[in-house]
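> make a model of this:
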Amino acid sequence: MKSKFIITQYNPMYAEQTVEMWRKSKEQAISQKEIHSFENHLTFLKEILPEQCQIDLALIDDKVVGMIAYNEKEISQLYIHVDYQGLGIGQTLLDSAKEKSSGSLTLYTFEVNKIAQKFYEKNGFEIVGRGYENEENLPDIKYQWISK
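Residues are numbered from 1 along each chain as shown. As a prediction, this is how the structure comes out:
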């Protein structure tokens, strides 16, 4: 299953696949059903997120296996397909965001998502806050990375 993935800028032709992957990955990470409808999620990806963030996709054989949405100061979304985690896809997407950053990045992750916490801490992110900054009303952690 160790296939070669490519990173490419988001293309609307991948919208449905991206949202499908994103929802499955998030639901697995937080053990909770997505609160938004598929259509609302699609609208968010197509119309709102691109205004605020650069969106990159990871593809294997034209299948969306990962996505990241970021700008020079923050990572808004980072999700990897549940069947393709642990292959370095998230690492590659994160490294790219770090390279294009202003030298510092912040992000939020859910407190229940221990895998994400381990991943971010391994990559030099430190906890700078805790709260409930999300629509799911779950405890979350604010992380920050500063370039050395």
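> does Glu126 touch Tyr143 like I think?
Yes. Because the distance of 6.6 Å satisfies C-beta atoms under 8 Å, Glu126 is recorded as touching Tyr143. Quick note: C-beta positions are derived from backbone N, CA and C, even for glycine.
> between the two, who's got more neighbours?
Neighbour totals were compared for Glu126 and Tyr143, and Tyr143 leads with 22 against 11 (other C-beta atoms under 10 Å).
> does the more buried one have beta-bridge partners, and which?
Note on Tyr143: beta-bridge partners by DSSP bridges are Leu107, Ile127.
> excluding its backbone neighbours, what's nearest the most centrally placed residue in the chain?
The chain has Leu78 as the residue nearest its centroid, 0.7 Å off, counting by C-alpha atoms, centre = their mean. On the basis of C-beta to C-beta, 6 or more residues apart in numbering, the spatially nearest residue to Leu78 that is not a chain neighbour turns out to be Ile68, at 4.7 Å.
> hang on, the earlier thing: shouldn't the residue nearest to the centre of the chain be within a strand?
Yes. According to DSSP: H, G, I helix; E, B strand; the rest coil, the state of Leu78 is that of a strand.
> my guess is it meets Thr92, correct?
No. Distance between Leu78 and Thr92: 11.1 Å, which falls outside the contact criterion (C-beta under 8 Å).
> now for the top helix by length along the chain, which elements pack on it?
The longest helix of the chain (DSSP state H) is helix 15-30. The criterion is 3 or more C-beta pairs under 8 Å, 6 or more residues apart in numbering; DSSP states H and E, and the helices and strands that helix 15-30 contacts are helix 38-43, strand 63-70, strand 75-80.
> run through this structure and note the low-pLDDT ranges.
Using pLDDT under 70 as the threshold, the predicted model of the chain has low-confidence ranges 1-3.
> tally of neighbours for Gly86?
With neighbours defined by other C-beta under 10 Å, the count for Gly86 comes to 10.
> before we move on, what SS does it have?
Under the three-state scheme (three-state DSSP), Gly86 adopts coil.
> list the buried residues for stretch 91-103?
With burial defined by 16 or more other C-beta atoms under 10 Å, the residues of stretch 91-103 counted as buried are 92-94, 97-98, 101.
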